[in-house]
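Trainee: Build me a model:
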Amino acid sequence: MPELPEVETVVRLIRPKLVGRTITGAEVHWRRTVVARAFEERVVGARIVAVRRRAKYIVVDLARRGRCAGAILAHLRMTGRMHVEKRAVESVPYAKVELALDDGRVLHFVDVRKFGRFEFTADVEARLARIGPEPLEEEFTAAWLQDGLRARRRLLKPLLLDQSFVAGLGNIYVDEALHRAGLHPLARSERVNPEQSARLRAEIRAVLAEAIEREGSSFDTFYRTPEGNPGGYQDQFRVYGRDGKPCRACGTTIVRLVVGQRGTHVCTVCQPRRAQSQKRRARDVSSRASSKRVRTRAPAPTAASTSKDRA
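Mentor: Purely as a prediction, here's the structure:
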């Protein structure tokens with residue numbers, strides 16, 4: 001947290017205030033080190049030419065004299081926040097980095113717990129090369145997802161949380177998408193059939209689009225938009241954080257599991273796992289019974305034994 005919808009919301013709201021602006025100053029409020037000074041040297045004087053999202057990262061592309069000059073790469077982690085305001089007389093609480101802009105405003109990177117990241121990189125594409133495809137882009141097709149699931153042979157939820165497989169998904173939206181797709185988080189990825197893959201792909205995209213429309217989810221005091229407002233998608237949750245409450249689809253009590261060390265919320269009726277297990281067990285029992293019948297069948301008499309009996 002924040003996940004793809006929250007980061008996308010931040011990008012969309014700060015982009016108009018940043019693109020075209022020149023960075024005129026930088027203050028790093030962490031302990032003054034060579035790294036901090038190097039950061040300042042690389043960003044001050046650069047012009048912001050684009051603000052975009054890649055997975056859960058915010059990318060601020062820079063240029064000097066019309067040529068690419070690297071990028072600022074930010075990750076909000078648990079408690080990070082970015083917003084652009086007029087220069088305040090008083091210091092902003094928990095501000096870790098402040099970039100002065102040529103229009104008199106300041107980009108603030110605020111982080112209560114210091115889990116976030118705000119750094120300069122000369123080659124952002126190389127830095128993020130291991131991240132998987134964006135789930136809202138055209139390359140994320142049902143066929144690609146089906147092939148990827150079959151090739152990985154892992155539990156379904158941990159695989160969807162793997163940023164090298166699919167970009168930007170986190171605990172909240174994986175739980176929601178799996179429920180809407182009718183898939184159990186402990187299902188084996190290689191056993192997901194093409195119809196289920198197509199449904200999962202469609203529900204991932206639908207959940208993310210709806211969450212972006214409502215500016216993400218706020219279920220604690222940390223995530224706020226750059227305008228200071230909470231997101232609104234938490235009111236639409238079907239399963240996430242609703243353990244002990246009735247499923248919005250069938251009324252069954254939502255249960256909480258731990259999958260891959262992550263709290264996971266499931267409706268056992270909408271997301272059946274036992275039915276698949278019972279079918280596999282039935283096939284295994286049938287196979288073992290057939291093998292036993294073959295082993296206990298009396299062997300046919302050989303030619304030698306037949307001759308001896310006749311004698």
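Trainee: Every contact and neighbour count from this point should use C-alpha atoms.
Mentor: Will do.
Trainee: Would you map out the domains in the chain?
Mentor: What automatic domain parsing lists as the domains of the chain is 4-127, 142-274.
Trainee: Out of the ones you listed, flag the one nearest residue 136.
Mentor: domain 142-274 (5.9 Å; C-alpha to C-alpha).
Trainee: before we move on, the earlier item: can you lay out the domains of the chain as JSON lines showing distance to residue 136?
Mentor: Putting the domains of the chain into JSON lines (distance: least, C-alpha to C-alpha, whole Å) gives the following:
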{"stretch": "domain 4-127", "distance to residue 136": "10"}
{"stretch": "domain 142-274", "distance to residue 136": "6"}
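Trainee: For residue 134, find the nearest of those.
Mentor: domain 142-274 (5.1 Å).
Trainee: May I have stretch 254-272 exported as CSV, CA atoms only?
Mentor: Only the C-alpha atoms of stretch 254-272 are listed here, as CSV (Å, rounded to 0.1, in the frame of the first residue of the first chain):
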residue,chain,number,x,y,z
ILE,A,254,-15.9,-13.9,4.6
VAL,A,255,-12.9,-15.7,6.1
ARG,A,256,-9.3,-14.6,6.5
LEU,A,257,-6.4,-16.8,5.5
VAL,A,258,-2.7,-16.2,5.4
VAL,A,259,-1.3,-16.9,2.0
GLY,A,260,2.4,-16.2,1.3
GLN,A,261,2.6,-14.3,4.6
ARG,A,262,-0.2,-12.0,3.5
GLY,A,263,-3.6,-11.6,5.0
THR,A,264,-6.1,-12.9,2.5
HIS,A,265,-9.9,-12.6,2.4
VAL,A,266,-12.0,-15.2,0.8
CYS,A,267,-15.7,-16.3,0.3
THR,A,268,-15.6,-20.0,0.4
VAL,A,269,-18.8,-20.3,-1.7
CYS,A,270,-17.9,-17.8,-4.4
GLN,A,271,-14.3,-19.0,-4.5
PRO,A,272,-14.5,-22.8,-4.1
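Trainee: Now do the buried residues in it.
Mentor: Buried residues in stretch 254-272, counted by 16 or more other C-alpha atoms under 10 Å: 254-256, 264-272.
Trainee: Looking at those residues, which are in strands?
Mentor: Using DSSP state E, 255-256, 264-266 are the members of these that sit in strands.
Trainee: want to throw those into TSV with pLDDT and distance to residue 48?
Mentor: Output for these, formatted as TSV (pLDDT from 0 to 100; distance: C-alpha to C-alpha, whole Å):
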residue	pLDDT	distance to residue 48
255	97	47
256	97	44
264	97	40
265	98	41
266	98	44
